[in-house]
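Novice: Would you be able to build a 3D model of this:
(2 chains)
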Amino acid sequence: MSFPRLIQSSDEITNYVLLALLKGCGRLKALRHGKCVHGMILKHGFRSHLPIMTSVLDMYSNCFRLQEARKIFLEIERPDAIVINGMIAAYFRCYRPSDAVGLFYDSPSKDVGTWNSVLSGLVRISNNYEALRFFKQMVCVGEKSDVITLVTVLSACGSLAASCNARQIHGIVVKHGHEKHIPVGNAIIDMYAKVGEIEDAYIYFKNTELKNVITWTSLIVGYGKHGLGIEAIATFQQMVIAGFVPNKVTFVGILSACSHAGLVRQGLEIYRCMTEIYGIEPEMIHYGCVVDLLARYGQLEEAWKFITTMPVQPDSEMWTSFLSSCYFHKNKEFSKIAMEKLLELNPEDAGSYVLLSNVCSWIGDLEGVAKARRWIMNKGIVKTKAQTWIEIDRTVHGFESGGRSHPNYDIIVKYLGDLLERIKAVGYVPNIDIVVQNVDDNLKEEMIRNHSEKLAIGFGLINTKPGTRIVIVKNLRVCSDCHAAIGFISKMEGREIVARDSTRFHRFRDGKCSCREHW
DNA sequence: GTAGGGTTAG
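Specialist: Numbers count the residues shown, from 1 in each chain, chains lettered A, B, ... in the order given. Below you'll find the predicted structure:
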(Lines give C-alpha, C1' and ligand atoms only; values in the text may rest on other atoms or scores of the structure.)
Protein backbone atom coordinates (compact mmCIF):
# COMPACT_ATOMS: atom_id res chain seq x y z
CA MET A 1 0.00 0.00 0.00
CA SER A 2 1.36 3.38 -0.96
CA PHE A 3 1.70 6.22 1.49
CA PRO A 4 -0.69 8.69 -0.15
CA ARG A 5 -3.45 6.12 -0.30
CA LEU A 6 -2.89 5.15 3.32
CA ILE A 7 -3.00 8.74 4.46
CA GLN A 8 -6.26 9.37 2.62
CA SER A 9 -8.11 6.32 3.89
CA SER A 10 -8.21 6.58 7.64
CA ASP A 11 -10.42 3.51 8.02
CA GLU A 12 -7.53 1.30 6.96
CA ILE A 13 -5.17 2.52 9.65
CA THR A 14 -4.81 -0.17 12.26
CA ASN A 15 -2.09 -0.65 14.82
CA TYR A 16 -0.75 -3.58 12.75
CA VAL A 17 -0.39 -1.42 9.67
CA LEU A 18 1.36 1.29 11.67
CA LEU A 19 3.78 -1.18 13.22
CA ALA A 20 4.68 -2.60 9.83
CA LEU A 21 5.20 0.89 8.41
CA LEU A 22 7.43 1.90 11.31
CA LYS A 23 9.52 -1.21 10.94
CA GLY A 24 9.93 -0.57 7.22
CA CYS A 25 10.89 3.08 7.72
CA GLY A 26 13.44 2.08 10.35
CA ARG A 27 15.03 -0.55 8.12
CA LEU A 28 15.23 1.79 5.18
CA LYS A 29 16.30 4.70 7.38
CA ALA A 30 13.47 6.62 5.76
CA LEU A 31 13.22 9.42 8.28
CA ARG A 32 10.86 11.60 6.28
CA HIS A 33 8.33 8.80 5.84
CA GLY A 34 8.84 7.75 9.44
CA LYS A 35 7.93 11.24 10.65
CA CYS A 36 4.87 11.10 8.48
CA VAL A 37 3.79 7.84 10.13
CA HIS A 38 4.51 9.37 13.52
CA GLY A 39 2.16 12.22 12.60
CA MET A 40 -0.55 9.75 11.61
CA ILE A 41 -0.13 7.96 14.92
CA LEU A 42 -0.71 11.15 16.87
CA LYS A 43 -3.65 12.14 14.67
CA HIS A 44 -5.38 8.81 15.04
CA GLY A 45 -4.99 8.57 18.80
CA PHE A 46 -2.35 5.86 19.22
CA ARG A 47 -0.32 8.12 21.52
CA SER A 48 -0.68 5.82 24.52
CA HIS A 49 -0.35 2.54 22.63
CA LEU A 50 2.82 1.11 24.12
CA PRO A 51 3.94 -1.24 21.31
CA ILE A 52 3.39 1.53 18.76
CA MET A 53 5.26 4.16 20.73
CA THR A 54 8.11 1.65 21.28
CA SER A 55 8.26 1.19 17.54
CA VAL A 56 8.29 4.95 16.95
CA LEU A 57 11.23 5.20 19.33
CA ASP A 58 12.92 2.37 17.50
CA MET A 59 12.27 3.95 14.10
CA TYR A 60 13.98 7.19 15.21
CA SER A 61 16.79 5.13 16.73
CA ASN A 62 17.32 3.30 13.45
CA CYS A 63 17.48 6.66 11.70
CA PHE A 64 20.09 7.77 14.26
CA ARG A 65 17.82 10.54 15.60
CA LEU A 66 18.67 10.39 19.28
CA GLN A 67 16.83 13.59 20.29
CA GLU A 68 13.56 12.43 18.76
CA ALA A 69 13.95 8.95 20.25
CA ARG A 70 14.62 10.43 23.67
CA LYS A 71 11.63 12.75 23.41
CA ILE A 72 9.36 9.76 22.72
CA PHE A 73 10.92 7.89 25.62
CA LEU A 74 10.29 10.75 28.06
CA GLU A 75 6.71 11.12 26.86
CA ILE A 76 5.90 7.51 27.71
CA GLU A 77 4.31 7.55 31.15
CA ARG A 78 5.15 4.11 32.42
CA PRO A 79 7.92 2.70 30.23
CA ASP A 80 8.21 -1.06 30.55
CA ALA A 81 11.39 -3.11 30.06
CA ILE A 82 10.90 -3.30 26.29
CA VAL A 83 10.77 0.51 25.93
CA ILE A 84 13.83 0.89 28.14
CA ASN A 85 15.70 -1.72 26.13
CA GLY A 86 14.87 0.17 22.96
CA MET A 87 16.20 3.38 24.48
CA ILE A 88 19.41 1.65 25.59
CA ALA A 89 19.89 0.39 22.05
CA ALA A 90 19.26 3.91 20.74
CA TYR A 91 21.99 5.34 22.97
CA PHE A 92 24.49 2.75 21.77
CA ARG A 93 23.50 3.27 18.16
CA CYS A 94 24.24 6.98 18.56
CA TYR A 95 27.56 6.34 20.35
CA ARG A 96 26.40 7.35 23.80
CA PRO A 97 27.48 4.30 25.82
CA SER A 98 27.61 6.08 29.17
CA ASP A 99 23.99 7.24 28.78
CA ALA A 100 23.03 3.70 27.85
CA VAL A 101 24.76 2.15 30.83
CA GLY A 102 23.38 4.91 33.08
CA LEU A 103 19.86 4.08 31.97
CA PHE A 104 20.54 0.40 32.57
CA TYR A 105 21.55 0.95 36.19
CA ASP A 106 18.74 3.47 36.83
CA SER A 107 16.06 1.37 35.29
CA PRO A 108 13.58 -0.13 37.73
CA SER A 109 12.36 -2.92 35.45
CA LYS A 110 15.03 -5.08 33.89
CA ASP A 111 14.60 -8.33 32.06
CA VAL A 112 17.11 -10.52 30.25
CA GLY A 113 16.55 -8.29 27.22
CA THR A 114 17.81 -5.27 29.18
CA TRP A 115 21.06 -7.08 29.86
CA ASN A 116 21.18 -8.17 26.24
CA SER A 117 20.68 -4.58 25.07
CA VAL A 118 23.77 -3.44 26.93
CA LEU A 119 25.71 -6.52 25.89
CA SER A 120 24.93 -6.15 22.20
CA GLY A 121 25.42 -2.39 22.46
CA LEU A 122 28.95 -2.93 23.74
CA VAL A 123 29.61 -5.34 20.88
CA ARG A 124 28.13 -2.81 18.43
CA ILE A 125 30.65 -0.18 19.53
CA SER A 126 33.41 -2.82 19.38
CA ASN A 127 33.97 -2.81 23.11
CA ASN A 128 34.15 -6.58 23.20
CA TYR A 129 36.29 -6.72 26.28
CA GLU A 130 33.69 -4.75 28.26
CA ALA A 131 30.99 -6.98 26.78
CA LEU A 132 32.72 -10.04 28.19
CA ARG A 133 33.09 -8.36 31.57
CA PHE A 134 29.44 -7.39 31.51
CA PHE A 135 28.52 -11.00 30.76
CA LYS A 136 30.60 -12.15 33.72
CA GLN A 137 28.69 -9.67 35.88
CA MET A 138 25.47 -11.07 34.50
CA VAL A 139 26.50 -14.57 35.50
CA CYS A 140 27.63 -13.34 38.95
CA VAL A 141 24.32 -11.70 39.84
CA GLY A 142 22.49 -14.84 38.71
CA GLU A 143 20.69 -13.33 35.71
CA LYS A 144 19.71 -16.17 33.44
CA SER A 145 20.96 -15.85 29.88
CA ASP A 146 18.99 -16.77 26.81
CA VAL A 147 20.02 -17.64 23.26
CA ILE A 148 20.41 -13.98 22.35
CA THR A 149 22.81 -13.44 25.24
CA LEU A 150 24.91 -16.36 24.10
CA VAL A 151 24.97 -15.44 20.43
CA THR A 152 26.12 -11.95 21.43
CA VAL A 153 28.79 -13.21 23.81
CA LEU A 154 30.05 -15.74 21.27
CA SER A 155 30.44 -12.95 18.77
CA ALA A 156 32.30 -10.76 21.30
CA CYS A 157 34.57 -13.68 22.03
CA GLY A 158 35.37 -14.22 18.36
CA SER A 159 36.28 -10.55 17.98
CA LEU A 160 38.58 -10.77 20.99
CA ALA A 161 40.38 -13.76 19.51
CA ALA A 162 40.75 -15.32 22.95
CA SER A 163 40.44 -19.06 22.56
CA CYS A 164 40.33 -19.89 26.27
CA ASN A 165 37.26 -17.70 26.65
CA ALA A 166 35.89 -19.34 23.54
CA ARG A 167 35.95 -22.80 25.08
CA GLN A 168 34.42 -21.52 28.30
CA ILE A 169 31.53 -19.85 26.55
CA HIS A 170 31.02 -22.95 24.44
CA GLY A 171 30.85 -24.84 27.74
CA ILE A 172 28.18 -22.50 29.04
CA VAL A 173 26.15 -22.99 25.87
CA VAL A 174 26.22 -26.75 26.36
CA LYS A 175 25.36 -26.36 30.04
CA HIS A 176 22.33 -24.24 29.26
CA GLY A 177 21.26 -26.62 26.53
CA HIS A 178 21.20 -23.92 23.87
CA GLU A 179 23.19 -25.90 21.31
CA LYS A 180 20.06 -26.84 19.45
CA HIS A 181 19.46 -23.25 18.47
CA ILE A 182 20.93 -22.81 14.99
CA PRO A 183 22.14 -19.19 15.38
CA VAL A 184 24.02 -20.26 18.52
CA GLY A 185 25.72 -23.08 16.62
CA ASN A 186 26.55 -20.70 13.80
CA ALA A 187 28.05 -18.23 16.24
CA ILE A 188 30.16 -21.04 17.74
CA ILE A 189 31.57 -21.98 14.32
CA ASP A 190 32.28 -18.35 13.52
CA MET A 191 33.90 -17.81 16.91
CA TYR A 192 36.25 -20.82 16.65
CA ALA A 193 37.29 -19.71 13.18
CA LYS A 194 37.96 -16.18 14.39
CA VAL A 195 40.06 -17.23 17.36
CA GLY A 196 42.27 -19.30 15.06
CA GLU A 197 40.83 -22.72 15.84
CA ILE A 198 39.58 -23.57 12.39
CA GLU A 199 39.80 -27.30 13.14
CA ASP A 200 37.43 -26.84 16.08
CA ALA A 201 35.10 -24.83 13.89
CA TYR A 202 35.06 -27.76 11.46
CA ILE A 203 34.58 -30.36 14.22
CA TYR A 204 31.57 -28.48 15.56
CA PHE A 205 30.22 -28.08 12.04
CA LYS A 206 30.65 -31.78 11.29
CA ASN A 207 28.98 -32.87 14.50
CA THR A 208 25.93 -30.66 14.33
CA GLU A 209 22.94 -31.81 12.38
CA LEU A 210 21.28 -28.43 12.59
CA LYS A 211 22.52 -26.43 9.66
CA ASN A 212 21.25 -23.56 7.57
CA VAL A 213 22.83 -21.40 4.91
CA ILE A 214 24.59 -19.29 7.56
CA THR A 215 26.15 -22.40 9.12
CA TRP A 216 27.76 -23.31 5.80
CA THR A 217 28.69 -19.72 5.07
CA SER A 218 30.36 -19.33 8.46
CA LEU A 219 32.64 -22.29 7.79
CA ILE A 220 33.43 -21.10 4.26
CA VAL A 221 34.25 -17.61 5.53
CA GLY A 222 36.37 -19.19 8.27
CA TYR A 223 38.37 -21.19 5.73
CA GLY A 224 38.80 -18.03 3.66
CA LYS A 225 40.19 -16.13 6.62
CA HIS A 226 42.68 -18.93 7.19
CA GLY A 227 43.88 -18.83 3.59
CA LEU A 228 42.40 -22.29 3.01
CA GLY A 229 40.86 -21.67 -0.40
CA ILE A 230 40.69 -25.32 -1.49
CA GLU A 231 38.79 -26.22 1.68
CA ALA A 232 36.45 -23.26 1.18
CA ILE A 233 35.66 -24.41 -2.36
CA ALA A 234 35.17 -28.02 -1.25
CA THR A 235 32.78 -26.87 1.48
CA PHE A 236 30.91 -24.75 -1.02
CA GLN A 237 30.48 -27.75 -3.31
CA GLN A 238 29.30 -29.96 -0.45
CA MET A 239 26.85 -27.25 0.55
CA VAL A 240 25.31 -27.25 -2.90
CA ILE A 241 25.17 -31.06 -3.00
CA ALA A 242 23.47 -31.04 0.40
CA GLY A 243 20.75 -28.90 -1.13
CA PHE A 244 21.47 -25.54 0.48
CA VAL A 245 21.20 -22.41 -1.63
CA PRO A 246 24.17 -20.06 -1.23
CA ASN A 247 23.25 -16.41 -0.71
CA LYS A 248 25.11 -13.20 -1.49
CA VAL A 249 27.14 -13.41 1.72
CA THR A 250 28.20 -16.98 0.88
CA PHE A 251 29.53 -15.67 -2.41
CA VAL A 252 31.42 -12.83 -0.75
CA GLY A 253 33.02 -15.46 1.49
CA ILE A 254 33.93 -17.90 -1.26
CA LEU A 255 35.14 -15.21 -3.68
CA SER A 256 37.38 -13.61 -1.09
CA ALA A 257 38.63 -17.06 -0.06
CA CYS A 258 39.63 -17.67 -3.69
CA SER A 259 41.20 -14.25 -3.90
CA HIS A 260 43.35 -14.71 -0.82
CA ALA A 261 44.38 -18.20 -1.83
CA GLY A 262 45.26 -17.27 -5.41
CA LEU A 263 42.54 -19.45 -6.92
CA VAL A 264 41.81 -17.07 -9.77
CA ARG A 265 40.28 -19.48 -12.27
CA GLN A 266 38.03 -21.11 -9.68
CA GLY A 267 36.97 -17.74 -8.31
CA LEU A 268 35.91 -16.48 -11.72
CA GLU A 269 33.98 -19.68 -12.33
CA ILE A 270 32.17 -19.25 -9.01
CA TYR A 271 31.36 -15.65 -9.87
CA ARG A 272 29.83 -16.86 -13.13
CA CYS A 273 27.79 -19.40 -11.16
CA MET A 274 26.55 -16.71 -8.84
CA THR A 275 25.08 -14.59 -11.59
CA GLU A 276 24.07 -17.23 -14.13
CA ILE A 277 22.91 -20.15 -12.01
CA TYR A 278 21.80 -18.51 -8.80
CA GLY A 279 20.63 -15.30 -10.40
CA ILE A 280 22.22 -13.15 -7.72
CA GLU A 281 22.63 -9.55 -8.81
CA PRO A 282 26.25 -8.68 -7.94
CA GLU A 283 26.72 -5.87 -5.46
CA MET A 284 29.73 -3.60 -5.12
CA ILE A 285 31.31 -6.03 -2.68
CA HIS A 286 31.19 -8.86 -5.26
CA TYR A 287 32.65 -6.68 -7.98
CA GLY A 288 35.35 -5.72 -5.50
CA CYS A 289 36.18 -9.39 -4.92
CA VAL A 290 36.54 -10.05 -8.66
CA VAL A 291 38.76 -7.01 -9.20
CA ASP A 292 40.88 -8.09 -6.26
CA LEU A 293 40.98 -11.68 -7.55
CA LEU A 294 42.37 -10.55 -10.91
CA ALA A 295 44.56 -7.64 -9.88
CA ARG A 296 46.20 -9.27 -6.89
CA TYR A 297 47.67 -11.91 -9.17
CA GLY A 298 48.87 -9.49 -11.81
CA GLN A 299 45.98 -9.66 -14.26
CA LEU A 300 45.75 -5.89 -14.26
CA GLU A 301 44.47 -5.56 -17.82
CA GLU A 302 41.62 -7.97 -17.10
CA ALA A 303 40.84 -6.21 -13.84
CA TRP A 304 40.77 -2.87 -15.65
CA LYS A 305 38.48 -4.29 -18.32
CA PHE A 306 36.20 -5.59 -15.60
CA ILE A 307 36.11 -2.26 -13.79
CA THR A 308 35.28 -0.31 -16.93
CA THR A 309 32.49 -2.66 -17.97
CA MET A 310 30.79 -2.95 -14.58
CA PRO A 311 27.30 -1.44 -14.49
CA VAL A 312 28.18 0.60 -11.37
CA GLN A 313 30.81 3.21 -10.61
CA PRO A 314 33.73 1.81 -8.58
CA ASP A 315 33.93 3.03 -5.01
CA SER A 316 37.03 4.18 -3.19
CA GLU A 317 37.69 0.78 -1.66
CA MET A 318 37.83 -0.81 -5.08
CA TRP A 319 40.28 1.83 -6.32
CA THR A 320 42.39 1.35 -3.20
CA SER A 321 42.53 -2.40 -3.75
CA PHE A 322 43.30 -1.96 -7.45
CA LEU A 323 45.93 0.69 -6.75
CA SER A 324 47.65 -1.45 -4.19
CA SER A 325 47.84 -4.31 -6.72
CA CYS A 326 49.15 -1.95 -9.41
CA TYR A 327 51.78 -0.73 -6.97
CA PHE A 328 52.69 -4.26 -6.00
CA HIS A 329 53.05 -5.33 -9.64
CA LYS A 330 54.84 -2.08 -10.44
CA ASN A 331 52.52 -0.91 -13.18
CA LYS A 332 52.90 2.85 -13.43
CA GLU A 333 50.23 3.47 -16.03
CA PHE A 334 47.42 1.86 -14.07
CA SER A 335 48.78 3.20 -10.79
CA LYS A 336 48.43 6.74 -12.05
CA ILE A 337 44.88 6.20 -13.24
CA ALA A 338 43.83 4.49 -10.02
CA MET A 339 45.45 7.21 -7.97
CA GLU A 340 43.58 9.96 -9.79
CA LYS A 341 40.28 8.14 -9.36
CA LEU A 342 40.94 7.56 -5.71
CA LEU A 343 41.73 11.22 -5.12
CA GLU A 344 38.49 12.22 -6.78
CA LEU A 345 36.53 9.96 -4.48
CA ASN A 346 38.20 9.51 -1.19
CA PRO A 347 39.82 12.33 0.70
CA GLU A 348 39.25 10.78 4.12
CA ASP A 349 40.69 7.29 4.45
CA ALA A 350 43.98 7.06 6.31
CA GLY A 351 44.99 3.81 4.61
CA SER A 352 44.80 5.24 1.13
CA TYR A 353 46.85 8.31 2.07
CA VAL A 354 49.69 6.08 3.15
CA LEU A 355 49.34 4.05 -0.04
CA LEU A 356 49.18 7.24 -2.12
CA SER A 357 52.32 8.57 -0.50
CA ASN A 358 54.11 5.30 -1.29
CA VAL A 359 52.92 5.28 -4.89
CA CYS A 360 53.92 8.93 -5.43
CA SER A 361 57.33 8.26 -4.03
CA TRP A 362 57.75 5.26 -6.33
CA ILE A 363 56.75 7.07 -9.52
CA GLY A 364 58.96 9.97 -8.51
CA ASP A 365 56.12 12.41 -7.89
CA LEU A 366 57.82 14.22 -5.04
CA GLU A 367 55.19 16.91 -5.05
CA GLY A 368 52.57 14.21 -4.60
CA VAL A 369 54.47 12.73 -1.67
CA ALA A 370 54.68 16.13 -0.01
CA LYS A 371 51.00 16.74 -0.70
CA ALA A 372 49.99 13.38 0.77
CA ARG A 373 52.09 14.05 3.86
CA ARG A 374 50.60 17.53 4.22
CA TRP A 375 47.10 16.08 4.01
CA ILE A 376 47.96 13.59 6.67
CA MET A 377 49.33 16.35 8.90
CA ASN A 378 46.57 18.86 8.24
CA LYS A 379 43.70 16.50 8.61
CA GLY A 380 45.24 14.86 11.61
CA ILE A 381 44.78 11.49 9.96
CA VAL A 382 46.17 8.76 12.13
CA LYS A 383 46.65 5.28 10.84
CA THR A 384 44.92 2.88 13.18
CA LYS A 385 47.42 1.03 15.27
CA ALA A 386 47.68 -2.72 15.01
CA GLN A 387 46.17 -4.32 18.04
CA THR A 388 45.89 -7.82 19.31
CA TRP A 389 44.79 -9.70 22.37
CA ILE A 390 45.71 -12.89 24.13
CA GLU A 391 44.23 -14.56 27.13
CA ILE A 392 46.25 -15.97 30.00
CA ASP A 393 44.55 -17.37 33.07
CA ARG A 394 41.23 -15.81 32.25
CA THR A 395 42.73 -12.38 31.84
CA VAL A 396 42.72 -10.78 28.44
CA HIS A 397 45.95 -8.94 27.63
CA GLY A 398 45.77 -6.26 25.01
CA PHE A 399 48.73 -5.34 22.83
CA GLU A 400 49.30 -2.32 20.73
CA SER A 401 51.90 -1.91 18.05
CA GLY A 402 54.89 -0.09 19.46
CA GLY A 403 53.51 -0.06 23.00
CA ARG A 404 56.16 -0.16 25.72
CA SER A 405 54.01 0.70 28.65
CA HIS A 406 54.36 -2.45 30.72
CA PRO A 407 56.02 -1.96 34.13
CA ASN A 408 58.11 -5.09 33.60
CA TYR A 409 59.23 -4.07 30.16
CA ASP A 410 62.96 -4.35 30.94
CA ILE A 411 62.62 -7.79 32.50
CA ILE A 412 60.68 -9.00 29.52
CA VAL A 413 63.20 -7.67 27.05
CA LYS A 414 65.93 -9.46 28.92
CA TYR A 415 63.94 -12.71 29.09
CA LEU A 416 63.31 -12.59 25.37
CA GLY A 417 66.92 -11.74 24.67
CA ASP A 418 68.03 -14.86 26.56
CA LEU A 419 65.47 -16.96 24.79
CA LEU A 420 66.68 -15.72 21.43
CA GLU A 421 70.24 -16.62 22.36
CA ARG A 422 69.05 -20.14 23.07
CA ILE A 423 67.27 -20.29 19.75
CA LYS A 424 70.43 -19.18 17.98
CA ALA A 425 72.42 -21.76 19.94
CA VAL A 426 70.41 -24.61 18.41
CA GLY A 427 71.20 -23.36 14.95
CA TYR A 428 68.42 -21.04 13.91
CA VAL A 429 69.06 -17.49 12.90
CA PRO A 430 66.23 -15.23 13.88
CA ASN A 431 66.26 -12.47 11.35
CA ILE A 432 63.28 -10.49 12.49
CA ASP A 433 62.42 -7.21 14.08
CA ILE A 434 61.54 -7.97 17.63
CA VAL A 435 59.19 -5.55 19.26
CA VAL A 436 58.37 -6.49 22.77
CA GLN A 437 54.90 -5.46 23.68
CA ASN A 438 53.90 -6.25 27.19
CA VAL A 439 53.94 -9.50 29.03
CA ASP A 440 53.27 -9.79 32.71
CA ASP A 441 54.24 -12.11 35.54
CA ASN A 442 51.22 -14.35 35.06
CA LEU A 443 52.37 -15.04 31.57
CA LYS A 444 55.89 -15.81 32.67
CA GLU A 445 54.62 -18.21 35.31
CA GLU A 446 52.41 -19.84 32.74
CA MET A 447 55.48 -20.40 30.57
CA ILE A 448 57.36 -22.08 33.37
CA ARG A 449 54.38 -24.16 34.45
CA ASN A 450 53.75 -25.57 31.00
CA HIS A 451 57.42 -25.88 30.11
CA SER A 452 56.48 -23.83 27.13
CA GLU A 453 57.94 -20.69 25.79
CA LYS A 454 55.88 -17.80 24.71
CA LEU A 455 57.70 -15.23 22.74
CA ALA A 456 56.48 -11.75 22.22
CA ILE A 457 57.41 -11.13 18.66
CA GLY A 458 56.12 -8.63 16.21
CA PHE A 459 52.78 -7.58 17.50
CA GLY A 460 52.14 -10.43 19.86
CA LEU A 461 53.11 -13.82 21.05
CA ILE A 462 54.38 -17.09 19.69
CA ASN A 463 53.36 -20.17 21.54
CA THR A 464 55.70 -23.11 21.24
CA LYS A 465 54.91 -26.49 22.66
CA PRO A 466 57.67 -28.70 24.06
CA GLY A 467 59.41 -30.47 21.22
CA THR A 468 58.16 -28.08 18.58
CA ARG A 469 60.83 -27.18 16.10
CA ILE A 470 61.24 -23.48 16.17
CA VAL A 471 61.27 -22.03 12.72
CA ILE A 472 61.76 -18.35 12.39
CA VAL A 473 60.43 -16.96 9.17
CA LYS A 474 63.03 -14.83 7.52
CA ASN A 475 60.93 -11.74 7.61
CA LEU A 476 57.67 -11.61 9.50
CA ARG A 477 56.38 -8.92 7.21
CA VAL A 478 56.70 -11.14 4.15
CA CYS A 479 52.96 -11.05 3.88
CA SER A 480 52.95 -7.53 2.61
CA ASP A 481 52.96 -9.70 -0.52
CA CYS A 482 49.30 -10.30 0.02
CA HIS A 483 48.59 -6.70 0.93
CA ALA A 484 48.35 -7.43 4.63
CA ALA A 485 50.45 -6.35 7.53
CA ILE A 486 51.02 -9.27 9.81
CA GLY A 487 49.74 -9.18 13.31
CA PHE A 488 50.79 -11.94 15.59
CA ILE A 489 51.77 -15.51 15.15
CA SER A 490 49.10 -17.67 16.61
CA LYS A 491 50.45 -21.15 16.03
CA MET A 492 53.51 -23.07 15.03
CA GLU A 493 53.08 -26.57 13.68
CA GLY A 494 56.28 -28.17 12.52
CA ARG A 495 57.51 -26.05 9.69
CA GLU A 496 54.24 -24.28 9.36
CA ILE A 497 53.43 -21.00 11.02
CA VAL A 498 50.00 -19.53 11.26
CA ALA A 499 49.98 -15.78 11.69
CA ARG A 500 47.10 -13.38 11.72
CA ASP A 501 46.39 -9.82 10.84
CA SER A 502 43.26 -7.95 11.77
CA THR A 503 41.03 -9.81 9.36
CA ARG A 504 42.51 -13.16 8.48
CA PHE A 505 45.07 -15.81 9.11
CA HIS A 506 48.13 -16.53 6.99
CA ARG A 507 49.85 -19.86 6.77
CA PHE A 508 53.56 -19.74 6.14
CA ARG A 509 55.61 -22.67 5.02
CA ASP A 510 59.31 -22.04 4.58
CA GLY A 511 58.71 -18.34 4.75
CA LYS A 512 56.13 -18.40 2.00
CA CYS A 513 52.58 -17.39 2.72
CA SER A 514 49.74 -19.62 1.54
CA CYS A 515 48.37 -16.57 -0.26
CA ARG A 516 51.04 -17.21 -2.87
CA GLU A 517 51.01 -20.97 -2.97
CA HIS A 518 48.92 -21.26 -6.09
CA TRP A 519 50.60 -18.70 -8.28
C1' DG B 1 -1.16 -11.51 14.48
C1' DT B 2 0.60 -6.41 17.70
C1' DA B 3 6.92 -3.61 20.72
C1' DG B 4 13.11 -4.50 22.40
C1' DG B 5 17.97 -7.37 22.63
C1' DG B 6 21.07 -12.12 18.37
C1' DT B 7 24.42 -15.39 13.82
C1' DT B 8 27.54 -15.21 8.01
C1' DA B 9 30.52 -10.13 4.37
C1' DG B 10 36.27 -7.40 0.85
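Novice: Residue ranges of each domain in chain A, please.
Specialist: Following automatic domain parsing, one finds the domains of chain A at A:1-110, A:402-516.
Novice: which of these has the lowest average pLDDT?
Specialist: Lowest mean pLDDT of the domains of chain A: domain A:402-516, a mean of 44.
Novice: Around DNA strand B, which positions in the stretch 251-400 of chain A sit nearby?
Specialist: A:252-253, A:256, A:259-260, A:283-285, A:288-289, A:292, A:315, A:317-318, A:321 (CB under 7 Å from any atom of the strand). The way it works is simple: take the backbone N, C-alpha and C, and place the C-beta from them, glycine included.
Novice: so which of those residues is the most crowded?
Specialist: When neighbours are counted by other CB atoms under 10 Å, residue A:260 leads those with 29 neighbours.
Novice: where's that one, which helix or strand?
Specialist: Assessed by DSSP states H and E, residue A:260 sits inside helix A:248-261.
Novice: Briefly note if the helix or strand harbouring residue A:70 comes near DNA strand B.
Specialist: Secondary structure assignment for residue A:70, by DSSP H and E: helix A:66-75. No. Helix A:66-75 lies apart from DNA strand B when judged by CB under 7 Å from any atom of the strand; the minimum separation is 11.4 Å.
Novice: which of the residues in that helix are buried?
Specialist: Using 16 or more other CB atoms under 10 Å as the test for burial, helix A:66-75 gives A:66, A:68, A:69, A:70, A:72, A:73.
Novice: Would you map the strands across chain A?
Specialist: For chain A, the strands defined by DSSP state E cover A:387-392, A:395-400, A:453-457, A:460-464, A:488-493, A:496-500, A:505-509, A:512-513.
Novice: mind listing what residue A:123 touches?
Specialist: A:131, A:152, A:155, A:156, A:159 (CB atoms under 8 Å, 6 or more residues apart in numbering).
Novice: ok, which of the residues you listed also contact DNA strand B?
Specialist: Among the contacts of residue A:123, DNA strand B is touched by A:152, A:155 when using CB under 7 Å from any atom of the strand.
Novice: Which residue in the contacts of residue A:123 has the weakest pLDDT?
Specialist: residue A:159 (87).
Novice: For the residue in the stretch 1-150 of chain A that DNA strand B sits nearest to, give its distance to residue A:145.
Specialist: Residue nearest to DNA strand B within the stretch 1-150 of chain A: residue A:113 (1.7 Å; CB to the nearest atom of the strand). Using CB to CB, to the nearest Å, we find residue A:113 at a distance of 11 Å from residue A:145.
Novice: Residue A:58 against residue A:22, yeah?
Specialist: Yes. Counting by CB atoms under 8 Å, residue A:22 is a contact partner of residue A:58 at 7.2 Å.
Novice: Buried residues of stretch A:174-192, list them for me.
Specialist: Here stretch A:174-192 shows A:176, A:178-179, A:181, A:183-192 as buried, counting by 16+ other CB under 10 Å.
Novice: show me which of those residues neighbour DNA strand B.
Specialist: Checking those against DNA strand B (CB under 7 Å from any atom of the strand), the matches are A:181, A:183, A:184, A:186, A:187, A:190.
Novice: residues in contact with the residue nearest to the second one when sequence neighbours are not counted?
Specialist: Same thing as residue A:183. Nearest in space to residue A:183, with sequence neighbours left out and distances taken as CB to CB, 6 or more residues apart in numbering, is residue A:151 at 5.3 Å. Going by CB under 8 Å, 6+ apart, residue A:151 touches A:183, A:184, A:187.
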